Structure formats: structure tokens, C-alpha cells
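Novice: here's a sequence, model it:
(chains A and B)
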Amino acid sequence: MEKKKTYVEDIERTLYDIRNEDRSSYKVEQGLTEQIIRDIAAKKHDPQWMLDFRLGSLQEYYRQSLPEWGPDLSELNMDQIVTYVQPDAKMAGRWEDVPEDIKDTFDRLGIPEAEQTSLAGVGAQYDSEVVYHSIQEDLVKQGVIYTDMETALREHEAIVREHFMQLVPPKDHKFAALHGAVWSGGSFVYVPEGVKVEIPLQSYFRLNAAGAGQFEHTLIILEKNSSLHFIEGCSAPKYNVTNLHAGCVELFVGEGARLRYSTIENWSRNMMNLNTKRAIVEKNGIIEWVSGSFGSHVSMLYPCSVLHGENARCEFTGVTFASKGQNLDTGASVIHAAPYTSANISTRTISKSGGQATYRSAVKVTEKAHHAKCSVNCESLMLDDISRSDTLPAMDIQGDEADIGHEATIGRISDEAVFYLMSRGISEDEAKAMIVRGFVEPIAKELPLEYAVEMNNLVNIELEGAMG
Amino acid sequence: MAEKIFSKIPMATWRWLGVNNATAEEELLAVADTRSFKIPAGTDKEAVVVIRQEQYGKIQVKLGENSRLKLTYVQLADTDKDYAGEIEIQLSDGAQLEMAAVEAGGKKAVSKVLVNLAGNSSRADVSVLYLGDKQRVLDMNYVMVQSGKKCEAKLEVYGALLDKAEKIFRGTLDFKRGAKGAAGQEKEQVVVLSSQVRNRSVPLMLSGESEVDGHHAVSIGKIDEAKLYYLMSRGLEMAEAKKLVVEAAFAPVMSRITDTELQGELQHYIKERLSDA
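Specialist: You can find the predicted model right below:
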């Protein structure tokens, strides 16, 4: 049995675990100093304001302490993290121009194939820099901009300056400050008024270098009555040293606009994933988050939606699967800051083999947000006795016109359900797997097909590990 | 006046919500009025504790095997003074607790209640009523620790908030590893009667054991307009109708108070507070 467990995990994870030789053209030294920040800024030809922003963020990083809640982060030693690794590749507009070993990695992950079949644009980041970016010509003609952040900073500096780290200011927390100091790469999307991007755009982030950090910045701006589906994928090979991901996502959803932001996160088990995602939604706008957290050693991820305009809406659908050696602390927060705003948060968490899954949420209704409505539903499934599952929701409601509901359950796979399926000729393991797949189905159905398949594969890998 | 931490939630969360700790003035916490009692194995007991003058009260109870306690705790502390209350109850195998708690007094009232279901097949059924009005602050931290096999915990909370009241209710179901077959339920229903109220709820559910069945639910909303409309169609004034709806919301807890004199006093007290709002 043990053999099968090892076999399945080894074979199936190969896709994500393949390491390329570190052929970076430039790396900063390990650690975090003012000189390192200046080196990164110089390498990226930052304008003066951005250098000043980085240096201010560094001071904020020094000022802030580690969070007093959530997973233990004491193993993270910034003195051993390389914050900037420039791959030996220039940004390309054609896959053919991407260096062979990097191209092979993305080929294996299915990115070029997805681009041909189901995406309107693709961005691929390798370590600290974006190595490939493309967008369909008809979208360019409609004024859609989809490019890497460095190009955006050069070519659309005013827009970037107006929005960059305004939603997630460096003073927000220690890792937002770190991000502000060392950010590199990421995607910039601008969708003009009235433009509906029917086919998704996707950015994929791959961290190859051992002991490195990835700090990509994603900035998406949707003007009035526009729409977009943006997909984010991330993975890394496994090393024996700690890697760090402290990205930042800022989403500006204009009046009547609709943004769907889907993520399947499958970082390696040596990764600390301390990512910050936030959206601000104007009148009648909609933000939809679809979030799958499967990888990393430690995750702290709680996308936040600020419902700023009247009748703004948020839908959050998330699944977290914590296995051996993983402490995945995930959830969502919503701030109702305008009348008639509404939110619906639905999550599933699964823990097994000693994994720790924590669901954390916050719902804040301000005085202005009369007639706000929010429904939170969290279901947790524990597959064995050595795992943990914790649920920590909080609600802070001002005023008397809000309608807030929260429900959570925790439990195990029902023996009766397994028995019933077995009585229909299904093996015990398959019966349990079917129940788990049914449990995550509300999330899977929200994902694009390829991602739903990937999520099911990930669930299968984990279940083989649990039951094999 | 210096404040110190009076209670903490079992697992901390974001600081910006301000719900991790309850604080009280150091001076208030200097001397506690402590009541301790044990319920011998196999016996039944009924106890009523009414807080009126104390400013810091502690109750410690140990329930022996297969004993039963029906505890009524009514906190009607002086509404011009702060109050801190602590209750710690430990249940042995087969012990049963039925508790009705009323949290209504105090200018700023902080309370922490720990029910430890250490015994196998122990049961705790706790119903809480809270009422906040004027500029009062109610800060409650109820923790049900479930470590016995097949233990059952039920925490039901009914509240009403008026005027500029501020309230935090933290309710935790904590399933410890080994609590196989344990079941826990938590429910909070709040009726809000003023646009200036601040209402925070933190229903935690922690589990280190897979063989458990845990549920929690919170419902926060304004008073049911259909009910109001119906009552007003029967000739009641708006204020009267509201009072009646709140009283009805409190009925599940009030019905547990078997001391009819105390129940009458409490009904009168709540009515007066609602009238003053």
C-alpha cells in the first residue's frame, strides 16, 4: 500500500517537479538591503518615483512585525532568500523565441496548447521576469492592453502610477511592504469602456530557482461596462530550501464591469505562499473569485473585495486541500462600503495526512452600506485523525439594514454514504473518492474545463496518497 | 485607567477586526467574588446565580460522573458600572449541563465562559440571551471544549441590540483530537433595532478530530418586517410591535428560567430597557 502511495505521488507530480538547471543571467545577493533594492531598480530601469516607492516600502518592511496570527512563519529567513533572479531570456512575442529549456517547462504545463485552443492571450513568467506575452490582434484593436508590468511601467506609466499599490499599500502588512520593495514581473491588463473580452487571458508563474522569491505584481483595470476572465496559474519544482512567493494582485472593477479571476495554485511543498489579492468594485460591478489552493508548505491567502459602489457584487468560490506537511490558511474578506452591495462566499476545505487547513474570513459592513447582503458558507472535510481543520469567520456589522448569514460545517465522509455506494458495486476507495469529488464539485464547475480537469487530477493525486 | 487582557479567542485572527482580545480595567479585575461548587456523581442540582452588585464575579463548577446541573445565570449588573464575569464548568463522564445565561447589565460587560466537556458522553446545552442598549458595550467569549468521546455541545445565542450599543460575541466549538463521535452545534440570532449599533460575531469551529459533526450558523438582520406589519395590523403601535418581536426572540432562553419570580423580574427588566430605547 505504501508503495502505491509513493508511486502515485512521484509519477503524477513530475509534471510540476521538473527542475531546470539554474541558468539565470543575473541574481541579486541573498537577503534584503537597500543596495539590493537599488540593484533591482537599476536592472529594471525603474523611474525615480518607483525607486523611491521601493525604498519607502523597504523601510515599512523593517517597521512591520510578523503577523501574530496564522501559521508559524519563523522558518522564513529573508537573509537566505534571493529576491531577484533574471532568467537568461528576453521577453518574447513568439514561443519559438523562448529559450528551449524554459519553453519545454511551459510546454509540459500545457500553456502553449491552452493558448491555441482556449485563450485570448498568455503571459508566462519564469523566476523574476516575464519571458513571453501574447494577445489576440482583435483585442489590441479594441484597445485592450495585456502586457508585463515592466512594459506597462514604461509605456503606460501614468496609469500604473495612479493605481500601483493603491489598493494594497505597503503599510498593509509586512509582506505587502516586502512586495513593494522587491516586486518584479507580473501582468498588466487594461480593458477599455464597453469592451467584453469573451475568451480568457492567462498568466502562468513558474519559479525555478532554489531559495528564491517570486514577487510578481498583477494590475487589472476594467473600465465601465467591460468584462474579462483572467486566469492565474502557478507552480514550482520542489527543493530542500524555502522558496517564497509574495505576489500582489490589484483589481479595479469599474461601474457595471465584470471580472472573473480564477487561480489554481500548485506551488511545491517548500514554498511559503504569502500572497495578497484585493479588488475594488464600483457601482453595479461584479468581481468573481475562483480559487484553488493545493500546493505550498505554508499559505496565507485571503482575497479581499471592497464593494465601493452601490449594488456592487462579489462571488467567491474556493477550495483548499491540505496534505502532509502543509499548513494552508486561506479564506476571503469582503468590505461592504456602499448601499445594496451583496456578496456570496462559498468554500470547501479538505485536510488529510497531517495537513492543516484553516478557513478564515471577514465580513465588514460599514454604516453607509445599508441593505447590504452577505452569505457565507464553509464546509470542511477531514479524511483522517492526524489532520486539522479550523474555521475562523468574523463579522463586523454596523447599522440595522444588513442581512448577513453565515454557516459552517465540519465532518468526515459519512459511513452510510460509503456503504450505499459500496452496495452498488463500487469499491470503498472509489466510493470515498467519488464523495470527495462531489464535495468539491461546486468549485470545479466554476473553473474553465482544463482547470477543472487539473483540479480533479490534483484531488486524485492527493486521494491516492491518502487511500493508497 | 489601565486596561488588561481579560480573555482571548482560542485562535487569533486579523487584528483589524479588533476581536482577538477582550479587555477590562485592571482595577476591576483586582478582586473577584468567587463561587465554587461540585455536583457529586449521580446527583441532580439546580442553581440560580443572579449578579446585581458585584463588579467581578467568578463561578467554578465541577460536575461528577452522571450528574446533572441546571444552571441559570442572570447578569443584571449596575448599568452605570463595568462588569466582568467568568464561568468555568467541567463535565465528567456522562454529566449533563443545561444552562440559561442572560447577559444584560453593566456599562461595559465582559464575560468569558468555558465549558469543558472532558467526560465521555457528557452533554452541555447552553442558551444565551443578550441585550445591549444606550452606549453599552457587551463583550462575550464562550468556549465549548469537546475532548470526551461522544460528547455533545449545543450553544444557542439570541440577542437584541438597540441605540448605540456595541457587542462582540465569540463562540467557539473546539473539538480536541480523540473526541470521536462528538457533535457540536452553535447558533446565533441577532435582531438589530438601530442604525447606530455595532455588532461583531466570531463563531469559531476548531477541530483536531475527524470523527465529529460540527455546525455553526449566524444570522444577523433587522427586525422581520412581515411580523411587524402583522402586529401593527392588529392595532399595535410600531414600538409595541418591536418590543413584542424582541420578547418573542428571547423566548427560548426565558422559557428555561424555571424560577417564576426571576422570570417575571427579567421580563419586566427587558421591557423597561426596550421602552427606554
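Novice: in the stretch 301-450 of chain A, which residue sits closest to chain B?
Specialist: residue A:382 (3.7 Å; CB to the nearest CB). Every C-beta, even on glycine, is put in place using the N, C-alpha and C of the backbone.
Novice: leaving out sequence neighbours, find the closest residue to that residue.
Specialist: Counting by CB to CB, 6 or more residues apart in numbering or on different chains, residue B:210 is the residue found nearest to residue A:382 once chain neighbours are left out, at 3.7 Å.
Novice: list the contacts for the one you found?
Specialist: Contact analysis of residue B:210 by CB atoms under 8 Å, 6 or more residues apart in numbering or on different chains lists A:382-385, A:387, A:412.
Novice: which parts of the stretch 251-400 of chain A sit against chain B?
Specialist: Contact residues (CB under 8 Å from any CB of the partner chain) of the stretch 251-400 of chain A with chain B: A:333, A:360, A:362, A:364, A:367, A:370, A:380, A:382-385, A:387-400.
Novice: tell me the strands beside the helix or strand encompassing residue B:88, with direction?
Specialist: In this assignment (DSSP states H and E), residue B:88 forms part of strand B:83-91. Paired neighbours of strand B:83-91 in the sheet (DSSP bridges): strand B:56-63 (parallel), strand B:108-117 (parallel).
Novice: for the residue of the stretch 301-450 of chain A closest to chain B, grab phi and psi.
Specialist: Backbone torsions of residue A:382, given as degrees, to the nearest 10, read phi -110, psi 130.
Novice: got it, and residue B:32?
Specialist: Torsion angles, degrees, to the nearest 10, at residue B:32: phi -110, psi 150.
Novice: I'd say it and residue B:88 touch.
Specialist: No - using CB atoms under 8 Å, residue B:32 is not in contact with residue B:88; the gap is 11.8 Å.
Novice: got any residues that touch both of the two?
Specialist: Taking CB under 8 Å, 6+ apart as the criterion, residue B:32 and residue B:88 both touch residue B:58.
Novice: rewinding a little: now, the contacts of residue B:210 that are in strands?
Specialist: Counted as lying in strands by DSSP state E, out of the contacts of residue B:210, are residue A:382.
Novice: give the buried subset of the contacts of residue B:210 as a PyMOL selection command.
Specialist: The buried subset of the contacts of residue B:210, as determined by 16 or more other CB atoms under 10 Å in any protein chain shown, is captured in PyMOL by this line:
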select buried, chain A and resi 382+383+387+412
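Novice: save the contacts of residue B:210 as a markdown table, and put in pLDDT too.
Specialist: Below are those laid out as a markdown table (pLDDT from 0 to 100):
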| residue | pLDDT |
| --- | --- |
| A:382 | 90 |
| A:383 | 86 |
| A:384 | 86 |
| A:385 | 85 |
| A:387 | 93 |
| A:412 | 83 |
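Novice: quick check: the residue of the stretch 101-250 of chain B nearest chain A.
Specialist: Counting by CB to the nearest CB, the stretch 101-250 of chain B gets nearest to chain A through residue B:210 (3.7 Å).
Novice: and the helix or strand hosting residue B:127, what's its mean pLDDT?
Specialist: Residue B:127 belongs to strand B:123-132 when assigned by DSSP H and E. Strand B:123-132 shows a mean pLDDT of 97.
Novice: what helices or strands is whichever helix or strand comes after that strand leaning on?
Specialist: For strand B:123-132, the succeeding helix or strand toward the C-terminus, using DSSP H and E, is strand B:137-146. Taking 3 or more CB pairs under 8 Å, 6 or more residues apart in numbering or on different chains; DSSP states H and E as the contact definition, the neighbouring helices and strands of strand B:137-146 are strand B:108-117, strand B:123-132, strand B:152-161, strand B:166-175, strand B:182-192.
Novice: name every strand pairing with strand B:137-146 and say which way it goes.
Specialist: Assessed with DSSP bridges, strand B:137-146 is paired to strand B:108-117 (parallel), strand B:166-175 (parallel).
Novice: how far is the last one from where the chain is centred?
Specialist: Looking back up the chat, that one is strand B:166-175. Computed by CA atoms, centre = their mean, to the nearest Å, the chain-centroid distance of strand B:166-175 equals 9 Å.
Novice: excluding chain neighbours, what is closest to residue A:190?
Specialist: Nearest to residue A:190 is residue A:145, by CB to CB, 6+ apart, at 4.1 Å.
Novice: what about the spatially closest residue to residue A:238 that is not a sequence neighbour, how many neighbours?
Specialist: Nearest residue to residue A:238, sequence neighbours excluded (CB to CB, 6+ apart): residue A:268, at 4.0 Å. Residues within reach of residue A:268, counting by other CB atoms under 10 Å in any protein chain shown, total 19.
Novice: quick check on the residue nearest to residue A:382: phi, psi?
Specialist: phi -80, psi -30.
Novice: ok, the spatially most central residue of chain B - contacts?
Specialist: Centroid-nearest residue in chain B, with CA atoms, centre = their mean: residue B:128, separated by 3.7 Å. The contact partners of residue B:128, by CB under 8 Å, 6+ apart, come to B:101-103, B:140, B:142, B:155-159, B:253.
Novice: surely residue A:287 and residue A:254 touch.
Specialist: No - the pair residue A:287 / residue A:254 is not scored as a contact, 11.3 Å apart, by CB under 8 Å.
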